[in-house]
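Novice: what shape does this take:
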Amino acid sequence: MATRAIITDATKNIMPTEQIGKTRIPPLLRRWPETARILIGLGLGLALLWLATPRTMAAFLSLPGDPVLQAMQTDGPVTSDDLRGFIASRENALAWIDAGRTWTDLSLGYLRLAGQTGDDGTSASNYLEISAKALKTGLSKAPANPYAWARLSYLDLRLEGAGRDAKNSLNLSLFTGPYERLLAESRIEYALAVWYELTVTQQALVHDQIVFLDRFDRRRLLGIIRQNRNAKVIALTALAPYPERQAAVRAALKKK
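Specialist: Here you go, the predicted model:
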């Protein structure tokens, strides 16, 4: 027994005890999993806030011009002051986020302002040029917009005449949205201006627009035909695969 006691006393200083074996972990490290979750969540929240702030500010700054945009899109009356306020709202929004849609909206404002010049010494052609520049910028950022391409075709016709740019813009409008009902009439009008610049394939696309417009609004098609001496032949050629439609258009044209 004495020998066992001596061994125990001799070894108790070299054998680790429970107290000695424990490492004292700082409180922060013991809570590290919880702290990490909090820090990660806070970081993600700040990142999302940083990403959302420009869009939020742009949307907020666009609000004053939204009623004017709606009026323009529905052919409602807008004054020059309305248009300048709308343009200012879009330029302020662009200071926060460089969005293609904002540029195309800005272009529409300048296009409408071109028709209401006279009190500020700025010519309509200057506004048309600014409108075209803004529209090209917007389309470079968001090209899948048949309405914007059709508007650019119109601006090209106004600024440069019936040339390659007007033709290319028209083709891109047809390519990005061939069955946009609201665009059929204007596309046919622009196509008639550049008809001899179009290839046979491109002319076939315009024939489709003529058939499309005749199906939904023959009155508008008849209006185009009566205003353009070349339109009658082109329209009747487009309707040749549909004898009944062609006959109906011929009969309508004979009426005054």
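
Novice: which non-adjacent residue is nearest Glu180?
Specialist: Pro146 (5.3 Å; C-beta to C-beta, 6 or more residues apart in numbering). For the C-beta atoms, the positions are set from N, CA and C on the backbone; glycine is no exception.

Novice: run a quick neighbour tally on the nearest residue to Arg181 once chain neighbours are set aside.
Specialist: Leaving aside its chain neighbours, Arg181 sits nearest to Phe216 (5.9 Å; criterion: C-beta to C-beta, 6+ apart). Neighbourhood size, Phe216 [other C-beta atoms under 10 Å]: 11.

Novice: how close does Phe216 get to Ala238?
Specialist: 14 Å (C-beta to C-beta, to the nearest Å).

Novice: just checking, the residue nearest to Glu180 touches Thr176?
Specialist: Yes. Using C-beta atoms under 8 Å, Pro146 makes contact with Thr176 at a distance of 4.4 Å.

Novice: nearest residue to the middle of this structure?
Specialist: Arg101 (3.7 Å; C-alpha atoms, centre = their mean).

Novice: so it touches Ala142, yeah?
Specialist: Yes. Taking C-beta under 8 Å as the definition, Arg101 is a contact partner of Ala142 at 6.2 Å.

Novice: checking Leu192 next. Helix, strand or coil?
Specialist: Classification of Leu192 by DSSP: H, G, I helix; E, B strand; the rest coil places it in helix.

Novice: tally up the residues packed near the closest residue in space to it that isn't next to it in sequence, please.
Specialist: Excluding the flanking residues, the one nearest Leu192 by C-beta to C-beta, 6+ apart is Asn228, at 5.2 Å. A total of 16 residues lie near Asn228 under the criterion other C-beta under 10 Å.

Novice: what of Gln246?
Specialist: 17.

Novice: can you tell me the helix or strand for it?
Specialist: Per DSSP states H and E: Gln246 is located in helix 243-254.

Novice: which positions in that helix come out as buried?
Specialist: Within helix 243-254, the residues scored as buried using 16 or more other C-beta atoms under 10 Å are Arg245, Gln246, Val249.

Novice: alright, calling it a day.
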